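J.: got a predicted structure plus its sequence, pasted below:
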Amino acid sequence: MRNGDNSLERIYVREEFRRDGLAANFLADENLMLLAAKSIPGSRINIGYPAICGCEYEYCKKILSRVEESPTEYCVVGHARSDHFDSMASVIRPHNFNVSANFWIPISDYFLQRTVNDKAENVLMGLKDVIKKWQDRSDKPFDVAFADCTSPEPKISERIYQWSEVCLEKGVRNIIICDTRGIGTEEIISDIFGRITPLSEFIEYHPHDDNGLALDNIERAIGHGITIIGTAFFGSGERLTMVDPRNL
């Protein structure tokens, strides 16, 4: 991407085609993941949910056994649960190259009600305990994804900033801002990233394109200093609404 002063800014991706394209998981083997890694050096690839089932656990292990020398980072994904943390930590523990973990939590009132049926303040308190549970299991980097950040609710951008500060203070490496339903408008996206600009070096953006605005919203996020964008090859992620990295 070319800045206003004609310099070039490097944009990286967190590639989700295996993590979010769940229907194709077992077609994406270690050889395909190595090819993907060589296509997007320096970026991150979410390789799967090892706690979903024994077969997925073994696939994640096979991928990591094959890709040690590739120029990218491999990331396992899970829910904020002890059993998921056990599986994630077990899979990445033997490896000294670039590996990490990430898990997601709901942040909008809408998603909080639909997923955990609890209040935001209680979930934030629980999040602090969740972070400690991961740190008790692994010293590998870990990131937290906030689900449904673009829900049209008053003051949600303030909550995103507050929760991000708490996570970063507790040792989280990066915060992933998710437009989970692909409903982010120019106003909502500008409000979120305008508020969170002071933390931009620790922020990623995970857009969906349900409303056809993902590429415009990516530009807005990059304009606020975001340099890591969630993508999926061939748009193959969840609901087939993610941006192909080649379109960036």
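T.: That came through fine. These numbers were taken from a predicted model, which means no experiment stands behind them.
J.: do me a favour and get the end-to-end distance for stretch 84-103?
T.: 9 Å (Cα to Cα, to the nearest Å).
J.: check stretch 59-75 too.
T.: Stretch 59-75 has an end-to-end distance of 13 Å (criterion: Cα to Cα).
J.: just the buried positions in that stretch, please.
T.: Applying a neighbour-count criterion of 16 or more other Cβ atoms under 10 Å, one finds 59-61, 63-64, 67, 70, 72-75 buried in stretch 59-75. To be clear about C-beta, it is placed using only N, CA and C from the backbone, and glycine gets the same treatment.
J.: so which of those is the closest to Pro245?
T.: Nearest to Pro245 among those: Thr72, at 12.2 Å, using Cβ to Cβ.
J.: residue contacts, that closest one?
T.: 37, 40-45, 98 (Cβ atoms under 8 Å, 6 or more residues apart in numbering).
J.: I'd like the residues you listed laid out as JSON lines, including neighbour count.
T.: Formatted as JSON lines, the contacts of Thr72 follow (neighbours: other Cβ atoms under 10 Å):
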{"residue": "Ala37", "neighbour count": "24"}
{"residue": "Ile40", "neighbour count": "19"}
{"residue": "Pro41", "neighbour count": "10"}
{"residue": "Gly42", "neighbour count": "12"}
{"residue": "Ser43", "neighbour count": "20"}
{"residue": "Arg44", "neighbour count": "24"}
{"residue": "Ile45", "neighbour count": "23"}
{"residue": "Asn98", "neighbour count": "17"}
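J.: the residues you listed: which two are farthest apart?
T.: Ile40 and Asn98 (13.2 Å).
J.: for the contacts of Thr72, which one is nearest Leu240?
T.: When the contacts of Thr72 are compared for distance to Leu240 (Cβ to Cβ), Ile45 comes out closest, at 18.8 Å.
J.: my read: the closest one touches Cys75, true?
T.: Yes. Contact criterion Cβ atoms under 8 Å: Ile45 and Cys75 qualify, at 6.6 Å.
J.: any common contacting residues for the two?
T.: Contacts common to Ile45 and Cys75, judged by Cβ under 8 Å, 6+ apart, are Arg14.
J.: in the chain, which helix or strand is least confident?
T.: Using mean pLDDT, DSSP states H and E, helix 30-39 stands out as the lowest-scoring helix or strand of the chain, at a mean of 85.
J.: what strands line up against whatever helix or strand comes next after that helix, and which way round?
T.: The first helix or strand that comes after helix 30-39 along the chain, using DSSP states H and E, is strand 44-48. The pairing partners recorded for strand 44-48 under DSSP bridges are strand 12-15 (parallel), strand 73-79 (parallel).
J.: out of these, which comes closest to Gly212?
T.: Judging the strands paired with strand 44-48 by Cβ to Cβ, what sits closest to Gly212 is strand 12-15, at 20.0 Å.
J.: tell me which residues of that closest one come out buried.
T.: Buried-residue list, strand 12-15, by 16+ other Cβ under 10 Å: 12-15.
J.: run the chain-centre distance for the helix or strand Val91 falls within.
T.: Val91 belongs to helix 82-92 when assigned by DSSP H and E. Centroid separation between helix 82-92 and its chain, computed with Cα atoms, centre = their mean, to the nearest Å, is 17 Å.
J.: any regions of the protein where pLDDT drops low?
T.: 1-9, 20-25, 69 (pLDDT under 70).
J.: quick one: contacts for Met88?
T.: Counting by Cβ under 8 Å, 6+ apart, Met88 touches 50-51, 76-78, 101, 103, 138.
J.: what about 7 Å?
T.: Neighbouring residues of Met88 by Cβ atoms under 7 Å, 6 or more residues apart in numbering: 50-51, 76, 78, 101.
J.: and for Leu213?
T.: 184-185.
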